[in-house]
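# Structure for this input, please:
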Amino acid sequence: MLRILLLLSLIVTSSAKVTYHTTEQILTRIKSLCVDPILTCTYHEDILVVDVNNDKPPDMLWSFNEHARERITAEIAMFTIEALIKHRPTQRITIIPVLNVWGRQQVDTGNACLRKNQNGVDTNRNYQSFPHPYPPHSEEYEGPHPISEKETKLISSLLLQGVKRYINVHSGEYSMYMPYDSTVTPPPHAERMRKFLLSLHPLCPQCVEGSAASVSTYKAYGTSVDYAIRNGVAEAYTFEVYGANTWSCAKMFNPQGVSEYTRVVKMWRRILLTTVEL
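You can find the predicted model right below:
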């Protein structure tokens with residue numbers, strides 16, 4: 001009887017639908033962790049910035065939930081910050097768990113396909129230093145001028161403080177990309193970045209890896225990783241943590257079952273912790 005009950009429990013757990021944390025729940029939970037002296041929490045307007053070892057020189061910058069509908073990325077951020085407290089890294093890591101706060105709040109209330117920010121701008125196209133004709137109503141509209149948005153102003157200011165490695169976390173597929181997003185020209189330190197991704201491959205064997213413009217299905221212009229490399233950051237990466245073949249935005253960008261959610265969070269938490277050691 002006990003074996004049957006255990007089996008039924010596993011079946012229910014694997015098929016149960018996950019309930020995502022709201023934006024406020026995530027930010028409140030992370031702020032509560034900042035009682036630990038290894039963490040410092042500050043706000044830039046409504047954007048929470050978490051620093052691990054903020055008395056050290058800038059080293060790494062991680063950004064999550066830039067596109068509103070990619071809710072799983074903020075969940076990964078929350079659980080990874082909890083893990084960093086236990087691991088006690090020695091480097092400085094600056095973490096933005098929810099970059100598009102307004103957008104994620106809209107998704108919380110049912111707007112599952114929302115991508116852009118409050119001004120209708122795709123902030124991961126807003127770094128372009130020359131015009132690219134994304135139509136104003138398109139999902140990739142780059143904004144009125146480069147770095148016009150509070151989100152991109154924050155990321156830009158942090159990158160220019162001497163960050164050595166930048167990771168921008170998204171969802172929609174399984175991949176680990178290096179620059180460039182907009183051209184197949186090799187970036188500086190290309191071999192270093194390729195070796196870095198190769199070392200992470202065993203942790204995500206299903207991930208596509210390499211220069212995004214070369215191995216993804218399209219070129220993207222005005223992205224933060226391209227901006228980072230062009231402004232002296234040695235390494236910059238885009239991690240895409242999950243994707244499903246469906247037309248449902250909620251299901252395409254975010255695992256729906258408890259077991260799949262748990263698997264994705266654990267896998268990327270492990271990957272992010274491993275990047276600290278490399």
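# Next, give phi and psi for the residue lying closest to Arg192 once chain neighbours are set aside.
Sequence neighbours aside, Glu235 is the residue nearest to Arg192 in space, at 6.6 Å (criterion: CB to CB, 6 or more residues apart in numbering). (Each C-beta comes from the backbone N, C-alpha and C, glycine too.) When quoted as degrees, to the nearest 10, the phi and psi of Glu235 stand at phi -130, psi 140.
# Strands of this protein, start to end?
Ranges of strands in the chain, per DSSP state E, are 39-44, 47-52, 60-64, 93-96, 165-170, 173-178, 208-211, 235-242.
# Contact partners for Pro57?
Arg92, Gly162 (CB atoms under 8 Å, 6 or more residues apart in numbering).
# returning to what we had before: could you dump the strands of the chain into CSV and include mean neighbour count and mean pLDDT?
As requested, the strands of the chain are arranged in CSV below (neighbours: other CB atoms under 10 Å; pLDDT from 0 to 100):
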stretch, mean neighbour count, mean pLDDT
strand 39-44, 15, 98
strand 47-52, 21, 98
strand 60-64, 25, 98
strand 93-96, 25, 98
strand 165-170, 24, 98
strand 173-178, 23, 98
strand 208-211, 17, 96
strand 235-242, 25, 98
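# closest to Cys249 out of the ones you listed?
strand 235-242 (12.8 Å; CB to CB).
# now the closest one, how far from the centre of its chain.
7 Å (CA atoms, centre = their mean, to the nearest Å).
# same check, this time on stretch 63-73
6 Å.
# Need the distance between the two termini of that stretch.
One end of stretch 63-73 sits 9 Å from the other (CA to CA, to the nearest Å).
# likewise stretch 92-105?
Start-to-end span of stretch 92-105 (CA to CA) is 29 Å.
# and the longest helix along the chain, average pLDDT?
As assigned by DSSP state H, the longest helix anywhere in the chain is helix 258-277. In this model, helix 258-277 has a mean pLDDT of 98.
# Averaged pLDDT, stretch 20-31. What do you get?
98.
# Now do the buried residues in it.
For stretch 20-31, the buried set under the neighbour-count rule, 16 or more other CB atoms under 10 Å, comprises Tyr20, His21, Thr23, Ile26, Leu27, Ile30.
# who touches the fifth one in this structure?
Each residue near Leu27 by CB under 8 Å, 6+ apart is listed here: Leu48, Pro97, Val98, Val101.
# bridging residues for the residue minimising distance to the centre of the chain?
Centroid-nearest residue in the chain, with CA atoms, centre = their mean: Val169, separated by 1.8 Å. Applying DSSP bridges to Val169 gives these bridge partners: Phe64, Phe239.
# hang on, the earlier thing: for the longest helix of the chain, packing partners?
Other elements packing on helix 258-277 under the criterion 3 or more CB pairs under 8 Å, 6 or more residues apart in numbering; DSSP states H and E are helix 2-15, strand 60-64, helix 71-87, strand 165-170, helix 190-200, strand 235-242.
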